[in-house]
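[1] compute the structure for the input listed below.
(3 chains)
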Amino acid sequence: MKTRSQTTPKPLKTVALAPRPDSPKRRPRPMPKPAGKGDPRAPKKPPTAFFYFMEDFRKTYKQENPSVKSMREIGKACGEKWNTMSFEEKVKYYDIATEKRAEFEKAMIEYNKKKESGEMSEESD
DNA sequence: CGTGTGATTGTTGAT
DNA sequence: ATCAACAATCACACG
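    Numbering: from 1, shown residues only, chains lettered A, B, ... in the order given. Below you'll find the predicted structure:
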């Protein structure tokens, strides 16, 4: 349970885990959701092909590098290898992601319907 | 005890 | 067409 109301602002970032020379934050996250504003029924994005590849890669990576703590390294390793992967090899992950997208798309349709159905809070006041 | 942060790319909704 | 934010993962640090 996330006590989002009680969550500490967390101004400090203990990034002493990995000695990164300088990695510019590509994704400046503004902040966690301020308050209920947003799409409560908005279907979450399905994992991309990259993530599916990561699932498999993670296991392999741990086998090859059992001493590796985890994470960010894998992420980088994944991305690097991902770029070296042949399209045909990636296709198999794309295929999975594609199916998920299909479901996601359907969910999005219903989501839109629900929005129209009862939640039209967009009134000019 | 709990949760945010870190990086990877892809995907998709919104403008 | 372009932007921006979010999708999982997992150890660790901080209050």
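[2] pLDDT weak spots in chain A?
    Chain A contains residues with pLDDT under 70 at A:1-41, A:117-125.
[3] how about the longest helix along it, does it reach DNA strand C?
    Criterion DSSP state H: the longest helix present in chain A is helix A:87-117. No. In terms of Cβ under 7 Å from any atom of the strand, no part of helix A:87-117 sits within range of DNA strand C; the closest distance is 9.8 Å. From N, CA and C alone the C-beta is placed, and that goes for glycine too.
[4] elements contacting that helix?
    Where contact means 3 or more Cβ pairs under 8 Å, 6 or more residues apart in numbering; DSSP states H and E, helix A:87-117 is packed against helix A:49-64.
[5] hmm, who's touching the following helix or strand past the helix it packs on?
    Per DSSP states H and E, the first helix or strand lying C-terminal to helix A:49-64 is helix A:72-84. Outside helix A:72-84, the residues within contact range by Cβ atoms under 8 Å, 6 or more residues apart in numbering are A:17-18, A:50, A:53-54, A:57-58, A:61, A:68, A:90.
[6] residue in chain A nearest to DNA strand B?
    At 2.1 Å from DNA strand B, A:G79 is the closest residue in chain A, using Cβ to the nearest atom of the strand.
[7] against A:K114, how distant is that residue?
    A:G79 sits 36 Å away from A:K114 when distances are taken as Cβ to Cβ, to the nearest Å.
[8] count of neighbours near A:A42?
    Applying other Cβ atoms under 10 Å, we find 12 residues neighbouring A:A42.
[9] next one: it from A:M108, what distance?
    According to Cβ to Cβ, A:A42 stands 8 Å off from A:M108.
[10] ok, A:T48 - contacts?
    With Cβ under 8 Å, 6+ apart, A:T48 has these contacts: A:A97.
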